[in-house]
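Colleague: Okay, here's the prediction I keep looking at, along with the sequence it came from:
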Amino acid sequence: MKDMETRIRVRFAPSPTGLLHVGNARTALFNFLFARKMGGTFILRLEDTDVERSTAEAEEAILEDLRWLGLDWDEGPNRPGSHGPYRQSERLEIYQQYAWQLLEKNSAYRCYCTGEELEEKRKRSLARGIPPKYDGRCRYLKPEEEHSLKAAGRPASVRFRVEARSIEFEDLVKGRVSFDGQGIGDFIILRSDGVSPYNFAVVVDDALMEITHVIRGEDHLTNTARQLLLYKALGFPPPKFAHLSMILGSDRTPLSKRHGATAVNHFREEGYLPEALANYLALLGWSSADGQEIFSREALIKRFSLERVSRSSAVFDLEKLKWVNRMHMKSLPRKKALELALPFLQKSKINVERKSERWLSAVLETVWGEMDTLSQLADRLKIFFDEGWGMEPEAERILAREENRRVVYGLQQELRAVEEVTSENYKQILASLGKRVGLSGRSLYMPLRAALTGKTRGPELEKIFILLGKERALKRAESALQRTR
């Protein structure tokens with residue numbers, strides 16, 4: 001192996017058993033940012049040895065979410081490098097080879113205990129209030145006993161022989177960490193079906209892929225003790241470890257489905273921008289020295305450092321995410337905003353085919369600064385499209401009053417007197433209407449809004465008039481009067 005200090009190499013290693021959730025996405029992001037900041041390599045590896053739960057569909061969904069977030073990997077599935085293969089299911093022979101090496105060195109031994117026997121021992125330990133660990137029965141088998149078990153056709157797994165009394169290491173986030181080695185029982189490194197469990201496979205993979213830094217969630221902290229023992233037994237230099245604190249829900253318990261949707265795909269479908277979601281995930285456990293919170297991806301790469309990663313757990317705040325997304329939406333160029341908005345409008349059955357790009361952009365601008373997500377657009381903008389126009393009960397109540405109906409009748413007369421409604425004549429039209437009906441301010445504007453939009457709140461009235469135009473405004477006024485007779 002090459003000197004591991006020559007170049008930073010990190011990896012993100014999800015299991016393709018379901019959708020990518022925000023906790024794993026944050027882990028991927030921190031690995032990506034660190035690699036890009038340090039000029040290193042970001043590797044994607046799939047831990048797909050759980051045959052019953054791993055699916056090709058889940059794998060593709062994870063890859064697609066990572067691409068959407070902009071977390072492009074340098075080596076991995078569909079981007080092979082010199083350290084592959086990058087799916088654990090394709091590396092089984094490699095794990096077996098290293099397990100045999102440990103057997104030959106007497107650092108491991110064959111275990112003939114059945115699953116039923118191990119489960120019974122586990123239950124007995126729990127009943128006595130003792131943390132379950134392997135009792136070492138097969139560790140002390142005599143040669144004739146092992147020969148007898150093998151002759152009887154008993155399948156054997158391979159267990160690692162734990163000798164350490166204590167394990168200590170320096171975590172780049174947590175600081176000094178120590179574990180009591182006596183609490184770690186001999187653990188399986190190769191099952192009887194030839195598949196290696198997580199702790200052994202990940203050590204072999206990280207070593208052979210020359211991973212220099214392992215950045216992952218603190219739920220893996222206890223695994224690190226076992227893995228360090230394996231690094232030593234296999235003769236591999238261990239990487240540096242950085243364990244990220246948990247992401248919590250509003251009730252301060254680990255974030256899960258009970259707190260609402262947590263899959264990246266959900267936020268994508270809701271119309272969050274990938275730059276905004278990545279920005280917010282970076283703030284869950286990391287902060288800039290000057291307190292800045294809104295970053296482009298390039299700025300995040302430039303500012304990120306493991307030294308600024310917090311030891312404290314972060315709380316997932318949906319309102320804060322919406323605010324971050326709103327800030328990113330505000331900074332989008334007009335053309336890009338329209339490009340992102342159109343699929344959400346079309347999904348809501350709003351017909352945009354006959355509308356000019358200029359008109360659509362102007363419509364977007366009326367509400368763009370108020371939007372939290374792209375999925376909110378259709379409901380806010382349907383007032384400008386005939387197929388989306390309807391009247392809310394409050395608007396109907398307003399137009400049921402005779403004094404307000406006089407305003408709408410007067411509007412029809414004023415509109416018929418002009419060729420079109422423009423920003424130049426809009427104020428004159430309203431001034432003339434106010435004199436005609438003897439009203440001003442809210443008493444004048446609210447009936448107009450109710451008649452033209454079917455709502456009592458929305459964009460500026462001037463923009464509504466200009467974007468609807470004379471003919472459509474007349475049709476809306478007539479329809480509103482007929483519906484509220």
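Modeller: Perfect, thanks for sending it. Numbers count the residues shown, from 1 in each chain.

Colleague: drop to CA atoms for contacts and neighbour counts, all remaining ones
Modeller: OK.

Colleague: Show me what stretch 231-250 is in contact with.
Modeller: 23, 27, 98, 102, 107, 170-174, 203, 207, 211-221, 228, 254-256, 259, 284-285, 309-317 (CA atoms under 8 Å, 6 or more residues apart in numbering).

Colleague: Please list the members of these that lie in strands.
Modeller: Among the contacts of stretch 231-250, the members found in strands (DSSP state E) are Glu170, Asp171, His213, Val214, Ile215, Arg216, Gly217, Ala314, Val315.

Colleague: Turn the residues you listed into JSON lines, columns for pLDDT and distance to Glu163.
Modeller: Shown next, in JSON lines, are the ones in strands among the contacts of stretch 231-250 (pLDDT from 0 to 100; distance: CA to CA, whole Å):
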{"residue": "Glu170", "pLDDT": "97", "distance to Glu163": "21"}
{"residue": "Asp171", "pLDDT": "97", "distance to Glu163": "22"}
{"residue": "His213", "pLDDT": "98", "distance to Glu163": "26"}
{"residue": "Val214", "pLDDT": "98", "distance to Glu163": "24"}
{"residue": "Ile215", "pLDDT": "98", "distance to Glu163": "27"}
{"residue": "Arg216", "pLDDT": "97", "distance to Glu163": "26"}
{"residue": "Gly217", "pLDDT": "96", "distance to Glu163": "27"}
{"residue": "Ala314", "pLDDT": "94", "distance to Glu163": "37"}
{"residue": "Val315", "pLDDT": "95", "distance to Glu163": "39"}
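
Colleague: And the buried ones among those, selectable in ChimeraX?
Modeller: In ChimeraX syntax, the buried subset of the ones in strands among the contacts of stretch 231-250 is picked out as below (16 or more other CA atoms under 10 Å):
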select :213,214,215,216,217,314,315
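
Colleague: Just put the ones in strands among the contacts of stretch 231-250 in CSV and tack on distance to Leu411.
Modeller: Shown next, in CSV, are the ones in strands among the contacts of stretch 231-250 (distance: CA to CA, whole Å):
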residue, distance to Leu411
Glu170, 75
Asp171, 72
His213, 70
Val214, 69
Ile215, 65
Arg216, 64
Gly217, 63
Ala314, 55
Val315, 52
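
Colleague: Tell me the one among the ones in strands among the contacts of stretch 231-250 nearest to Ile62.
Modeller: Arg216 (16.9 Å; CA to CA).

Colleague: Tell me which residues touch the closest one, please.
Modeller: So Arg216 contacts Thr27, Ala242, His243, Leu244 (CA under 8 Å, 6+ apart).

Colleague: Name the nearest residue to the third one, sequence neighbours excluded.
Modeller: Right, the one you point to is His243. Setting aside the residues directly before and after it, His243 is nearest to Glu218 in space (CA to CA, 6 or more residues apart in numbering), at 4.8 Å.

Colleague: Next, count neighbours for the one you found.
Modeller: Applying other CA atoms under 10 Å, we find 18 residues neighbouring Glu218.

Colleague: which ones are touching it?
Modeller: Glu218 sits in contact with His243, Leu244, Ser245, Met246, where contact means CA under 8 Å, 6+ apart.

Colleague: ok, now which ones touch Ile189?
Modeller: Ala99, Ser157, Val158, Arg159, Phe160, Ser196, Pro197, Asn199, Phe200, Ala201.

Colleague: rewinding a little: list buried residues within the contacts of stretch 231-250.
Modeller: Among the contacts of stretch 231-250, those scoring as buried are 23, 27, 98, 102, 107, 172-174, 203, 207, 211-218, 221, 228, 254-256, 284-285, 309-311, 313-316 (criterion: 16+ other CA under 10 Å).

Colleague: what does the domain assignment say about this structure?
Modeller: Domain assignment for the chain by automatic domain parsing gives 257-330, 332-381, 389-485.

Colleague: Run the chain-centre distance for the first one.
Modeller: Which is domain 257-330. On the basis of CA atoms, centre = their mean, to the nearest Å, domain 257-330 sits 9 Å off its chain's mean C-alpha point.

Colleague: which stretches of the stretch 1-150 of the chain form strands?
Modeller: In the stretch 1-150 of the chain, the strands defined using DSSP state E, counting those that start in this stretch lie at 9-12, 41-44, 108-111.

Colleague: JSON lines for the contacts of Arg216, including secondary structure, distance to Gly70 and pLDDT?
Modeller: JSON lines is the format used below for the contacts of Arg216 (DSSP: H, G, I helix; E, B strand; the rest coil; distance: CA to CA, whole Å; pLDDT from 0 to 100):
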{"residue": "Thr27", "secondary structure": "helix", "distance to Gly70": "14", "pLDDT": "98"}
{"residue": "Ala242", "secondary structure": "strand", "distance to Gly70": "22", "pLDDT": "98"}
{"residue": "His243", "secondary structure": "strand", "distance to Gly70": "23", "pLDDT": "98"}
{"residue": "Leu244", "secondary structure": "strand", "distance to Gly70": "21", "pLDDT": "97"}
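
Colleague: Out of those residues, which is nearest to Lys355?
Modeller: Thr27 (42.8 Å).

Colleague: so what's the closest residue to the closest one other than its chain neighbours bridging to?
Modeller: Nearest residue to Thr27 in three dimensions, chain neighbours excluded: Arg216, at 5.7 Å (CA to CA, 6+ apart). Beta-bridge partners of Arg216, counted by DSSP bridges, are His243.

Colleague: and the lowest-mean-pLDDT helix or strand in the chain, how far out from the chain's middle?
Modeller: Every helix and strand in the chain was compared by mean pLDDT, DSSP states H and E; the lowest is helix 115-127, with a mean of 88. Distance of helix 115-127 from its chain centroid, counting by CA atoms, centre = their mean, is 38 Å.

Colleague: hmm, who's touching it?
Modeller: Applying CA under 8 Å, 6+ apart, the contact partners of helix 115-127 are Pro131, Pro132, Lys133, Tyr134.

Colleague: same thing but 6 Å
Modeller: Defining contact as CA atoms under 6 Å, 6 or more residues apart in numbering, one finds that helix 115-127 is touched by Pro132.

Colleague: swap in stretch 97-105?
Modeller: For stretch 97-105, the external contacting residues (CA under 6 Å, 6+ apart) are Ala108, Tyr109.

Colleague: With stretch 293-301 instead?
Modeller: Contacts with stretch 293-301, where a contact means CA under 6 Å, 6+ apart, come from Leu33, Lys37.

Colleague: just stretch 449-465 next, same as before
Modeller: If you take CA under 6 Å, 6+ apart as the criterion, stretch 449-465 is touched by Thr366, Ile383, Gly390, Met391, Glu392, Ala395, Arg476, Ala477, Ala480.

Colleague: and with 8 Å instead?
Modeller: Contacts for stretch 449-465 (CA under 8 Å, 6+ apart): 366-367, 380, 383-384, 389-392, 394-396, 398-399, 408, 421, 423, 426, 445-446, 473, 476-477, 480-481.

Colleague: Please report how far the residue lying closest to Leu321 once chain neighbours are set aside lies from Tyr231.
Modeller: Spatially, and ignoring its direct neighbours in sequence, Leu321 is nearest to Tyr280 (6.0 Å; CA to CA, 6+ apart). According to CA to CA, to the nearest Å, Tyr280 stands 35 Å off from Tyr231.
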